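Trainee: Could you look at this predicted model? Sequence included:
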Amino acid sequence: MVITPSHRKQDKMSLRDPREIERSIDQLRAEIQNTLSDDTKPEQDRRDAVMRMTGEIAAYEIQARELRDHELEQLRAANTSPALADDVKAEQVSAFNNYVKSGDIKNAALLTTPDANGGYLLPDPMREAIIDVVRSINPILDEATVITLSKPGTFQVELPRKTGTTAGGWVAETAARPATNAPTIGQQVLTCHEWYAYPEATQSFIDSVSGAESFLLDDIAGSFADNFGQALVNGDGNGKPVGLFTGTSFYGTKLSSTANSLDAAQIIGAYFQLPARYLASAAWMMKGATLAALSALAWPNMNNTPLVQYVNGSPFIMGKRIVLSDSAPSIGDGAFPVAFGDFRRGYAVGIHSNLSVLRDPFTNKPYVGFYSTGRAGGQLWDPNAIVLLKSDNA
């Protein structure tokens, strides 16, 4: 017997209310759980039913993403400012490179105002290039909500989240209606902490090597990416970001059945633990070695069906993509090597737009130092949006 969705009354392509989509997804997930536990039916029938229903869930999730993307497009359209002309950007980059190479303060000053440390702010194209390097090295920055702070001296932003809902109840037609409590809104404070790098080079190297200024800025970008990426995973919030994988008492968790391992029932349980409203944009995050371990697992009661499926070479679990992060924790006793959820709603990253470089030819002659500073942070946001999986049973 193959279970089909024909008994559902709503046409899934006509749903436009996110709450209807969430209810439909929850119904399908309940049916999947029932199918997995029903060992009276042949394995082939169970496998066909589960795959059919996961496909339906994927269709619902496309609708949810379209609704969300439409809202984002409207918001972006309302906040878009005219971009600088390409020739102006090129002039800014050239002026800043001259400052790095020769200390031409006049051109740098024409580019932008000095920051509080006496350095000069990177022009937008160069700052964006550095952020692109960070994104390419650590995917958390690509998955989370990224907030750019641009006002000088502003290094904190409050992230609102609902912590309670309006109470209600049944009442007789003529009975009194006492006031109920209002919804409560909590705040998570995202703080951008100061980061720095201080590479040095001789003036001879700078003068004789073509593109020396680009080499130095690339080195700074790589250093920022390494430090920032590690902190986004395991930072303790003390002078650095709060790492996503450190939120073990903030997010929901799912234990393994044994120590030093992960198991299929745990993975599937985490999928069902995540509320439906976060499922449309959910993904798994882990390091490559963890993916290798999960690739050896099979669906419970369906031993011929691998838990990890590959589509066009990309790995998926329960129809959800897998994001690889080299900085994610390894499998081990007491470790949390896997995160699952909607990272954009569950974790926020802040980057201040004021990245600056101070050219210092005096402190350590004959070297020229490049004191580079910026501010960035990470903060746990919505506790319901992410589930952390522990490779331990306690």
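Mentor: Thanks, I have it. Bear in mind the structure is a predicted one, so any value in this text is a computation, not a measurement.
Trainee: Just to check, Tyr271 is in contact with Phe340?
Mentor: Yes: under the criterion of CB atoms under 8 Å, Tyr271 makes contact with Phe340 at 7.0 Å. Glycine gets a C-beta too; all of them are placed from N, C-alpha and C.
Trainee: Neighbour count for these two, which is higher?
Mentor: Neighbour count, other CB atoms under 10 Å: between Tyr271 and Phe340, Phe340 has more, with 28 against 21.
Trainee: Domain-wise, how is this protein divided?
Mentor: What automatic domain parsing lists as the domains of the chain is 11-78, 123-162+183-394.
Trainee: before we move on, the earlier item: quick check: neighbours shared by Tyr271 and Phe340?
Mentor: Taking CB atoms under 8 Å, 6 or more residues apart in numbering as the contact rule, Tyr271 and Phe340 both touch Lys320.
Trainee: residues near the residue lying closest to Gly341 once chain neighbours are set aside, how many?
Mentor: Nearest non-adjacent residue to Gly341, counting by CB to CB, 6 or more residues apart in numbering: Ile386, 3.5 Å away. For Ile386, the count of nearby residues is 28 (other CB under 10 Å).
Trainee: how about Ile386, what does it touch?
Mentor: Contacts of Ile386 by CB under 8 Å, 6+ apart are 244, 247, 251-252, 339-343, 346-347.
Trainee: So which of the residues you listed belong to helices?
Mentor: Using DSSP state H, the subset of the contacts of Ile386 located in helices is 343, 346.
Trainee: Out of the contacts of Ile386, who's the most crowded?
Mentor: That'd be Leu244 among those, by other CB under 10 Å, with 32 neighbours.
Trainee: quick one: the helices in the stretch 151-300 of the chain?
Mentor: Taking DSSP state H, counting those that start in this stretch to define them, one finds helices in the stretch 151-300 of the chain at 203-208, 212-234, 264-273, 288-294.
Trainee: Looking at the ones you listed, spot the one closest to Glu143.
Mentor: For those, the distance to Glu143 is smallest for helix 212-234, at 10.0 Å, taking CB to CB.
Trainee: List the buried residues for the closest one?
Mentor: 212-214, 216-217, 220-221, 223-225, 227-234 (16 or more other CB atoms under 10 Å).
Trainee: and that helix, how far from the chain's centre?
Mentor: Relative to its parent chain, helix 212-234 has a centroid offset of 18 Å by CA atoms, centre = their mean, to the nearest Å.
Trainee: My read is that Leu291 contacts Ser314, right?
Mentor: No: shown here, Leu291 and Ser314 do not form a contact pair, counting by CB under 8 Å, at 11.1 Å.
Trainee: closest to Lys101 out of the domains of the chain?
Mentor: So among these, domain 123-162+183-394 is nearest, using CB to CB, at 5.0 Å.
Trainee: chain center to that closest one, what's the gap?
Mentor: In terms of CA atoms, centre = their mean, the centre of domain 123-162+183-394 is found 6 Å from the chain centre.
Trainee: For beta bridges, what are the partners of the closest residue to Gln203 other than its chain neighbours?
Mentor: Nearest residue to Gln203 in three dimensions, chain neighbours excluded: Val368, at 5.5 Å (CB to CB, 6+ apart). For Val368, the beta-bridge partners are Ala201 (DSSP bridges).
Trainee: Run through the residues that contact Val368.
Mentor: 200-203, 206, 359-361.
Trainee: ok, of those, which come out buried?
Mentor: The buried subset of the contacts of Val368 (16+ other CB under 10 Å) comprises 201, 203, 206, 359-360.
Trainee: surely Ile131 meets His352?
Mentor: No: using CB under 8 Å as the test, Ile131 is too far from His352 to be in contact (11.2 Å).
Trainee: helices and strands of this structure: which one bottoms out on pLDDT?
Mentor: One helix or strand of the chain scores below all others by mean pLDDT, DSSP states H and E: helix 105-111, with a mean of 52.
Trainee: Any stretches of the stretch 151-300 of the chain with poor pLDDT?
Mentor: Scanning the stretch 151-300 of the chain for pLDDT under 70 picks out 152, 162-168, 179-186.
Trainee: picking that back up, in JSON lines: the domains of the chain, plus distance to Ala175.
Mentor: Formatted as JSON lines, the domains of the chain follow (distance: least, CB to CB, whole Å):
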{"stretch": "domain 11-78", "distance to Ala175": "28"}
{"stretch": "domain 123-162+183-394", "distance to Ala175": "24"}
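Trainee: which one of those domains is the most hemmed in?
Mentor: domain 123-162+183-394 (a mean of 18; mean count of other CB atoms under 10 Å).
Trainee: Against Ser37, how distant is the residue lying closest to Gly269 once chain neighbours are set aside?
Mentor: Excluding the flanking residues, the one nearest Gly269 by CB to CB, 6+ apart is Lys254, at 5.5 Å. Separation of Lys254 from Ser37 (CB to CB, to the nearest Å): 18 Å.
Trainee: Contacts only, for Ala276.
Mentor: When contacts are counted by CB under 8 Å, 6+ apart, Ala276 touches 21-23, 25-26, 29.
Trainee: Apply 10 Å and report the result again.
Mentor: 18-19, 21-29, 57, 60-61, 64, 282 (CB atoms under 10 Å, 6 or more residues apart in numbering).
Trainee: so where is the stretch 1-150 of the chain shaky, pLDDT-wise?
Mentor: In the stretch 1-150 of the chain, residues with pLDDT under 70: 1-19, 65, 67-93, 95-96, 100, 103-127, 133-137.
Trainee: 90 instead?
Mentor: Across the stretch 1-150 of the chain, the ranges flagged by pLDDT under 90 are 1-142, 146-150.
Trainee: picking up where we left off before, which single one of the contacts of Val368 is nearest to Leu262?
Mentor: Glu200 (45.0 Å).
Trainee: Can you pull the residues that touch both of Leu291 and Ser314?
Mentor: Common contact partners of Leu291 and Ser314 (CB under 10 Å, 6+ apart): Ile322.
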